[in-house]
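Visitor: Mind folding the following:
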Amino acid sequence: MSSVQIISVVAVIAYMAVILIAARLLSKRGKTAAGEVSHNLPWYIIAGCTMATITNAAQLLGNAGASFQVGYAQMFWANIFAALFMFITVPLMANRMRTVQCNTLAELAVKRFPKSTRMNVVLTAWSLFWGLFANALSVFGGAVVLQTLLGVNFWVGAVIVIGVAIVYNALGGMEAMSIVDTVQYIFIGILVGILTFLLFKEYGSFSAFASALLGNTGYNLTAAGEALGITPGFFDVFHMPGWGAKGFIAYILACSLWACCDLGVIGRFLAQRTRGDGTRGMRAYTIIFLPTVLLMASYGIWGRGMFASLDAPDSVVLLVAEKIMGGAGTVLFLLATAAAILSTVGAYINAVGMTCVNIYKKVKKDQSEKHYKIAEICSTLIVAILSLLMAKIFGYSGISITAVAVQMILVATLTPTVLCTCFWKRFNERAAFWGVVLGIVISMASMFYAGGAYAAIMGGGFFGIPTLFLGWIVVLIVFVGLSFSKPYTVEDNGPEFRALFENKQPFSKMDGAKDIVVGGILIIAAAIICGLGLTGKLGAFPTFDNPIADIALIAFACISIVGALFLGSFLVRRTFGKKSDR
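Guide: Reported below is the predicted structural model:
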């Protein structure tokens, strides 16, 4: 092994030891019953740990990898819309679930349709699959990182990732993990900002770097740009070769509407100390994380100007860091990637384990708390082993593509099912069951018909209809048809939902009502700007004969660093301050 590889191994081992010790120490502050969520996370921890959970392999590695392959526009707009849709839907969904006292998405079926075993099975199965998939993808990313930088065998790397995550989850519990995850995001946010400034120092500016390859307009290829195989408009946020309007809209929605049904994300918001903490946490998330993730995507276009081709595009961010920072870059971004992956794997192992123990409680009733704790530990071990076995399967076509392909099916079927379950009074069990089942079948068939995950993401599907839209058409027809095929009876709902629907609260009194309005306005504004750009009614952006692009990236880097430090200040106060400050 080289000296850099040896230092990297030592640094990763030391880092893992530190966070495991921290998780153990923090776990002594409070215990939660197996399968239960404690309501004690303040807004800044919700913001930080959500950023850490979202900063998974698909974000830290796949964002840059996708930009390297197809240009900046795809990831730029997908990240903007994803943040804005999350801003609206996640706190709204979490508050509704907390009102009806649900700890997991699977419990929704029991609360809403107490007489239905099949809906409970369907939602539980989808939740478990999604959790396993997210785990598997993160384990794959971790194994690829270890393989790329340290030459570790893929399966050895995968076992290391999942093994540390198991111990992390067992020692910490949700509250401890959430605090440690926040610390891990602070490290990532600062590092992402620093790398951006170092890139500017190395190349003078982003404009100077890009114009040397693409000319000042972004479309006049230079000899250096042609040698690297860069296409005109590669850095332009409006230029997406091969994308049709329908396909791109479907792609954006698939990247945006999954989080409100994601048990790893929702679990954090269910644990909010007060309802207002979730809303404030999502505001902080949007303001701080969106610039950070746009920087992550930008590393793909920096890398596209450095490397003509890569066997593994998802490793581009690591190679950019190594080129600019030398061995220190390798070590630091290896740690950042470990932090991102560990946060995600820990969150989903915790969430899936909680789902499993709640299922077990229905089978084995009136057992001791120690018995249920043992069941929770066993379930997390099973989840970990399954994630390990699934890792190679789901990583075959690139992390970002695989993630969006599964998100597309989830958004087409589970998202409308869960939203209707929570917010539509007339929605009945038959509509829910047949809608989600037929939606899954049609969506998967459409994806295979299109020619696979990538073709479906690009807008392929039966009758020329993008797979996501086709799934929605089927689901909504079934939902509306079966919901109105019989009279509404309040007895079909569980007591919590009866009380919820009887409370006719005006929209202005809803938690986060102002955020919904503001988020909706921003989504409409972003859609108009994006649409005008894609149709050619706005010129190329950025052009490199002015400093606008440079100012934007520098601003993003400043927000990333300052935002991370801002969250850190609250965390320090909570950890070391007086009780009244916590």
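
Visitor: The helix or strand hosting A66 - contacts with which helices or strands?
Guide: Using DSSP states H and E, A66 sits in helix 63-70. In this structure, helix 63-70 makes packing contacts with helix 72-99, helix 275-304, helix 316-325, helix 399-423, judged by 3 or more Cβ pairs under 8 Å, 6 or more residues apart in numbering; DSSP states H and E. All C-beta atoms are positioned from the backbone trio N, CA, C, and that covers glycine.

Visitor: hmm, try it at 6 Å
Guide: Judged by 3 or more Cβ pairs under 6 Å, 6 or more residues apart in numbering; DSSP states H and E, the packing partners of helix 63-70 are helix 72-99, helix 275-304, helix 316-325.

Visitor: out of the ones you listed, nearest to G193?
Guide: Closest to G193 of the helices and strands packed on helix 63-70, according to Cβ to Cβ: helix 275-304, at 7.2 Å.

Visitor: Need the residues that contact the helix holding A66.
Guide: Identification of contacts with helix 63-70 by Cβ atoms under 6 Å, 6 or more residues apart in numbering yields 75, 296-297, 299-301, 303-304, 313-314, 316-317, 400.

Visitor: same question, stretch 432-440
Guide: Contacts for stretch 432-440 (Cβ under 6 Å, 6+ apart): R118, M119, V122, A412, T413, T417, G471, V474, V475, V478, F479.

Visitor: okay, the contacts of helix 63-70 in CSV with distance to F197 next?
Guide: As requested, those are exported to CSV (distance: Cβ to Cβ, whole Å):
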residue, distance to F197
M75, 21
M296, 15
A297, 17
Y299, 13
G300, 18
I301, 17
G303, 17
R304, 20
P313, 24
D314, 24
V316, 19
V317, 16
S400, 26
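
Visitor: In TSV, list those residues along with pLDDT, neighbour count and distance to G563.
Guide: Below are the contacts of helix 63-70 laid out as TSV (pLDDT from 0 to 100; neighbours: other Cβ atoms under 10 Å; distance: Cβ to Cβ, whole Å):
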residue	pLDDT	neighbour count	distance to G563
M75	86	28	20
M296	88	27	14
A297	88	24	17
Y299	89	28	18
G300	87	27	22
I301	86	24	23
G303	88	23	24
R304	86	30	27
P313	77	25	28
D314	72	28	25
V316	84	26	24
V317	82	31	20
S400	61	28	24
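
Visitor: about what we covered before: dump the contacts of stretch 432-440 into a markdown table; add neighbour count as well.
Guide: Converted to a markdown table, the contacts of stretch 432-440 look like this (neighbours: other Cβ atoms under 10 Å):
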| residue | neighbour count |
| --- | --- |
| R118 | 15 |
| M119 | 23 |
| V122 | 21 |
| A412 | 31 |
| T413 | 28 |
| T417 | 26 |
| G471 | 32 |
| V474 | 21 |
| V475 | 28 |
| V478 | 20 |
| F479 | 24 |
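
Visitor: Mind putting these into a markdown table with secondary structure, pLDDT and distance to Q147?
Guide: Converted to a markdown table, the contacts of stretch 432-440 look like this (DSSP: H, G, I helix; E, B strand; the rest coil; pLDDT from 0 to 100; distance: Cβ to Cβ, whole Å):
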| residue | secondary structure | pLDDT | distance to Q147 |
| --- | --- | --- | --- |
| R118 | helix | 83 | 42 |
| M119 | helix | 83 | 42 |
| V122 | helix | 82 | 37 |
| A412 | helix | 89 | 33 |
| T413 | helix | 89 | 34 |
| T417 | helix | 90 | 38 |
| G471 | helix | 91 | 35 |
| V474 | helix | 93 | 40 |
| V475 | helix | 93 | 40 |
| V478 | helix | 94 | 44 |
| F479 | helix | 93 | 45 |
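
Visitor: Name the nearest of the residues you listed relative to F234.
Guide: Ranked by distance to F234 (Cβ to Cβ), these are led by A412 at 30.6 Å.

Visitor: Identify the residue nearest that closest one in space, chain neighbours excluded?
Guide: Spatial nearest neighbour of A412, excluding adjacent residues (Cβ to Cβ, 6 or more residues apart in numbering): G471 at 2.7 Å.

Visitor: one step back: nearest to Y285, of the contacts of helix 63-70?
Guide: Among those, M296 lies closest to Y285 (Cβ to Cβ), at 15.0 Å.

Visitor: now the angle from the helix holding A66 to helix 316-325?
Guide: With axes from the mean of the first three to the mean of the last three Cα atoms, to 10 degrees applied, the angle from helix 63-70 to helix 316-325 works out at 100 degrees.

Visitor: Helix 63-70 to helix 72-99, inter-axis angle?
Guide: 140 degrees.

Visitor: quick one: average confidence on helix 63-70?
Guide: In this model, helix 63-70 has a mean pLDDT of 82.

Visitor: Go through that helix and flag the buried ones.
Guide: N63, A64, G65, A66, S67, F68, Q69, V70 (16 or more other Cβ atoms under 10 Å).

Visitor: Please apply the same query to stretch 92-106.
Guide: The neighbour-count check on stretch 92-106 (16+ other Cβ under 10 Å) flags 92-100, 102-106 as buried.

Visitor: circling back: which of the helices and strands packed on helix 63-70 sits closest to F501?
Guide: helix 72-99 (11.2 Å).

Visitor: elements contacting that closest one?
Guide: On a contact count with 3+ Cβ pairs under 6 Å, 6+ apart, helix 72-99 meets helix 63-70, helix 245-256, helix 263-270, helix 275-304, helix 513-534.

Visitor: Pipe those helices into TSV and attach distance to T543 per row.
Guide: Formatted as TSV, the helices and strands packed on helix 72-99 follow (distance: least, Cβ to Cβ, whole Å):
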stretch	distance to T543
helix 63-70	19
helix 245-256	22
helix 263-270	37
helix 275-304	15
helix 513-534	13
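
Visitor: Tell me which of those approaches A453 most closely.
Guide: Among the helices and strands packed on helix 72-99, the nearest to A453 by Cβ to Cβ is helix 245-256 (11.0 Å).

Visitor: mean confidence score for the closest one?
Guide: 84.

Visitor: ok and that helix relative to helix 72-99, angle-wise?
Guide: For helix 245-256 against helix 72-99, the angle by the same axes, to 10 degrees is 50 degrees.
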